[in-house]
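Student: I would like to see how this sequence folds:
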Amino acid sequence: MIIQLDPGATSAQKEKIQEVLTSIGYKPTAVQTQRASYLVCIGKNEFDIRRLGTLPGVADVHRVSESYKLVSRKWKVGESGIDLGDGVMIGAGSFSLMAGPCSIESEEQVRSVAKHLASQNIFIMRGGVFKPRSSPYAFRGMGMEGLKMFSSICREYKIKIITEVMQVSQIAPMYEYVDVFQVGARNSQNFNLLDELGRVDKPVLIKRGMSGTIDELLQSAEYVFSAGNERLMLCERGIRSYETAYRNTFDINAIAILKEKSHLPVIADPSHGIGLREHVPAIALAAAAAGADGVIYEVHEKPEEALSDAQQTLNYEESEQLIRNVRRLRESIG
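Tutor: Numbers count the residues shown, from 1 in each chain. A predicted model of the protein is given here:
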C-alpha cells in the first residue's frame, strides 16, 4: 500500500497516520522524493481503506500488491516524465533519441559526435568515461578529466550528457558534469550504489542486468525511488542466453511488459541488444513500435577505429538513416 501525503501535512498529522497504520498491523516507511511525500506500508491485514483516506494529511491511498510499489503503475496510472531542461523531455508522451560513442576517447571525437547529433536535433549524448570491461587490458575510459572535457563540449551545443557511474565514490565528483547517471548492466543490483543514487537530484537510467528478470529490474528502480529519487528510466539492453549468433537476446517483450507494470519511461538499447552494426537500426525500429519511450544507440565518426564496441557502433550515415526511419515510424503510429 502507498499513502500519498498532503504537501502541507503537519508532523502531528503524520504521527497520527503512522499510529493508525501500526494499529492495523502495517509497517510504514516514510519516503521523501523531489516531488512528494509517501508512506510505503507493508502488511497483510484486511481493513476498510476509507479509514485511512479520511485522515487529515492524507492526499490519496493506493493498494499495491507487488513488492515493488513506488515504481508500479498500480498507483500511478499516468506516464512519468523527466525534464532535463532546455526543452529536453524524456517520457510522458515524448519520444527521445540518445546517441554517442561507447567510450569518450578524445576532444576531437566528442566534438565531431556532438556536431552530428546537433545537426539531427538530438540533444542527449551518451558516452562512457568509466568503462567496466571484461578484460583488464582493454581501454577503460578517460576518467574524470575525460568527463570534464565531454561536459564542456556538450554544453556548447546545449546537449545533455548521460554517462555510467560505477561506484558510490564517483557520484560526488561526477555530479556537476552529468545530466543523467547511468547504472550499467553489471551494476544493476549494486544496492549500495542504487541507494546512494536515490539521494541525488539527478535522473538515473538503470539498465537490465545481463541475466536479470523484469521484476529484478523493477526492484532495482524501487531502491532508487525509495531512497528519494523518482526521476528514473528503465533500459532494456538484452539478456545473456544460449544463443551465440549475436551479442545478447534483445527482449522486445520486456518493453511492452515494463510499460504495463511501471509508470517509468522505458528506453531501448539496440546496440548492446544485438551487438551487430548492420542490425541495430532494425531493432531500434522494433523497440519504437513496441512502445519504448526512447532509443539509446552507439555512433562514431569512424566505428572501425573506436576503442570499444566497434562492431555495434553506427557511422554518421547509418545514424542519420536510423533517425529518419524511427521518426517516420513514430509519426505513422502517432
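
Student: From here on, just use CA atoms for contacts and neighbour counts.
Tutor: OK.

Student: what packs against the helix or strand of the chain with the lowest mean pLDDT?
Tutor: Comparing every helix and strand of the chain by mean pLDDT, DSSP states H and E singles out helix 50-53 as the least confident one, with a mean of 90. The elements that helix 50-53 packs onto, with contact taken as 3 or more C-alpha pairs under 8 Å, 6 or more residues apart in numbering; DSSP states H and E, are strand 58-62.

Student: Return the strand it packs on as CSV; C-alpha atoms alone will do.
Tutor: Provided in CSV are the C-alpha atoms of strand 58-62 (Å, rounded to 0.1, in the frame of the first residue of the first chain):
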residue,chain,number,x,y,z
VAL,A,58,-3.6,12.0,3.6
ALA,A,59,-3.9,13.0,-0.1
ASP,A,60,-4.6,9.5,-1.5
VAL,A,61,-4.3,5.8,-0.7
HIS,A,62,-3.4,3.1,-3.2
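
Student: roughly how far is it from the heart of the chain?
Tutor: Here the centre of mass of C-alpha atoms in strand 58-62, compared against the chain's by C-alpha atoms, centre = their mean, to the nearest Å, lies 27 Å away.

Student: and it, what other elements does it pack with?
Tutor: Right, strand 58-62 is packed against strand 2-5, helix 50-53 by 3+ C-alpha pairs under 8 Å, 6+ apart.

Student: For the first one, which strands pair with it and how are they oriented?
Tutor: Next to strand 2-5 in the sheet, as set by DSSP bridges, lie strand 37-42 (antiparallel), strand 58-62 (antiparallel).

Student: Any buried residues in the least confident helix or strand of the chain, and which?
Tutor: Buried residues in helix 50-53, counted by 16 or more other C-alpha atoms under 10 Å: 52, 53.

Student: Distance from that helix to the middle of the chain?
Tutor: That offset, for helix 50-53, works out to 34 Å (C-alpha atoms, centre = their mean).

Student: Between the strands paired with strand 2-5, which one is closest to residue 180.
Tutor: strand 37-42 (23.0 Å; C-alpha to C-alpha).

Student: any idea how far stretch 318-331 is from the chain center?
Tutor: How far stretch 318-331 lies from its chain's middle: 22 Å, per C-alpha atoms, centre = their mean.

Student: contact partners of that stretch?
Tutor: Residues from elsewhere that reach stretch 318-331, judged by C-alpha atoms under 8 Å, 6 or more residues apart in numbering: 97, 120, 281, 284, 285, 288, 289, 299.

Student: I'd say the first one and residue 292 touch.
Tutor: This points to residue 97. No: here residue 97 lies out of contact with residue 292, judged by C-alpha atoms under 8 Å, at a distance of 10.7 Å.

Student: Comparing those two, which residue is more hemmed in?
Tutor: When neighbours are counted by other C-alpha atoms under 10 Å, residue 292 comes out ahead of the other of residue 97 and residue 292, with 26 against 21.

Student: thinking again about what came up before, tell me the most buried of the strands paired with strand 2-5?
Tutor: strand 37-42 (a mean of 21; mean count of other C-alpha atoms under 10 Å).

Student: Identify the residues contacting it?
Tutor: By C-alpha under 8 Å, 6+ apart, strand 37-42 touches 1-7, 21, 26-32, 69-70.

Student: 6 Å instead, please
Tutor: Residues from elsewhere that reach strand 37-42 (C-alpha atoms under 6 Å, 6 or more residues apart in numbering): 1, 2, 3, 4, 5, 26, 27, 28, 29, 30, 31.

Student: Could you do stretch 185-193 as well?
Tutor: 168, 207, 208, 209, 210.

Student: Between the two ends of it, how far is it?
Tutor: In stretch 185-193, first residue to last residue: 13 Å (C-alpha to C-alpha, to the nearest Å).

Student: what do you get for stretch 172-182?
Tutor: 14 Å.

Student: Return the set of buried residues in it.
Tutor: If you call a residue buried by 16+ other C-alpha under 10 Å, then stretch 172-182 has these buried ones: 174, 177, 178, 179, 180, 181, 182.

Student: chain center to it: distance?
Tutor: Worked out by C-alpha atoms, centre = their mean, stretch 172-182 lies 14 Å from the chain centre.
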